[in-house]
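Enquirer: Sequence isn't available, so here's the structure alone:
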């Protein structure tokens, strides 16, 4: 199984790239054998069906890079070597980051738990197992993403990556427990021009979604690592509430799936129509002020 599917349009029409690093649903047999969780519980970290919700991208002239292997197997939105030493029977190399907040929470590159807190494994792993996943899953995905960013920049002079995710509905937002439909993460203005974030926010609100920025998701590794507005690379993470389009318990699509898909296509169509203006140094937003 290839670690990702890259769906390309016949011709990329605009400097926008869609990514879905957490929607993979192929669970290798050896991974399931090592897990203590049943077939449903192991899926609790999935951004289920996100690549389908944004699947109109290629017909609008945008490439879509989507993971095939699940986040619980190898998390593509982490540093390559964020590993919990307590998960392994052998010692880890010095270059491994064992002290990040993600590792401490159990959600490193090779996760210890699923998103709902249940431990994944019935045994300790060997470092060679993690190394194989990172080299064969994480690395190819990021090589493909870097290639898309570079080719888009060469062809258009700038690039915008919309990093697509989903989130559980019942989440605390700051001091408020009010739920929202969408959380936009731009690293508090560091990974994406504020004009682009404002445009996306207004577009989604206009389509009936409730939207927050950066709370509680300001962006993961992809947002922080690739987002360099001063170098004309903008990354904006979108988190969509799963309850809008699926049953979070059964992990199945609900009756609103087609409606949400249509609304997201309307959003992407609006973004396509405005992308060059938003990314242009001659437009209303200036790259030089993007990270200030």
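Expert: Thanks, I have the structure now. Since this is a predicted model, take the numbers as computed values, not measurements.

Enquirer: what residue ranges in the chain score low on pLDDT?
Expert: Along the chain, segments meeting pLDDT under 70 span 170-178, 281-292.

Enquirer: Do a quick rundown of the strands in it.
Expert: Counting by DSSP state E, one finds strands in the chain at the ranges 4-7, 16-20, 64-67, 159-167, 182-185, 211-213, 233-241, 246-247, 252-253.

Enquirer: will you turn the ones you listed into TSV that also has mean neighbour count?
Expert: Placement of C-beta: from N, CA and C, glycine included. Putting the strands of the chain into TSV (neighbours: other CB atoms under 10 Å) gives the following:
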stretch	mean neighbour count
strand 4-7	17
strand 16-20	26
strand 64-67	25
strand 159-167	25
strand 182-185	24
strand 211-213	18
strand 233-241	24
strand 246-247	16
strand 252-253	14
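
Enquirer: want to throw the ones you listed into JSON lines with distance to residue 33?
Expert: Below are these laid out as JSON lines (distance: least, CB to CB, whole Å):
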{"stretch": "strand 4-7", "distance to residue 33": "24"}
{"stretch": "strand 16-20", "distance to residue 33": "27"}
{"stretch": "strand 64-67", "distance to residue 33": "21"}
{"stretch": "strand 159-167", "distance to residue 33": "27"}
{"stretch": "strand 182-185", "distance to residue 33": "35"}
{"stretch": "strand 211-213", "distance to residue 33": "40"}
{"stretch": "strand 233-241", "distance to residue 33": "32"}
{"stretch": "strand 246-247", "distance to residue 33": "27"}
{"stretch": "strand 252-253", "distance to residue 33": "25"}
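
Enquirer: Identify whichever of those strands lies nearest to residue 270.
Expert: strand 16-20 (11.4 Å; CB to CB).

Enquirer: what pairs with the closest one, and is each one parallel or antiparallel?
Expert: Counting by DSSP bridges, the strands paired with strand 16-20 are strand 64-67 (parallel), strand 159-167 (parallel).

Enquirer: Which one of the ones you listed lies nearest to residue 47?
Expert: With CB to CB as the criterion, residue 47 lies closest to strand 159-167 of those, at 4.2 Å.

Enquirer: What is the burial count for the closest residue to residue 56 other than its chain neighbours?
Expert: Distance criterion CB to CB, 6 or more residues apart in numbering; nearest residue to residue 56, sequence neighbours excluded, is residue 265 at 4.4 Å. Residue neighbour count, defined by other CB atoms under 10 Å, stands at 17 for residue 265.

Enquirer: buried sites along stretch 199-208?
Expert: By neighbour count on 16 or more other CB atoms under 10 Å, the buried set for stretch 199-208 is 199, 200, 201, 203, 204, 207.

Enquirer: Can you give me the end-to-end span of stretch 69-78?
Expert: One end of stretch 69-78 sits 15 Å from the other (CA to CA, to the nearest Å).
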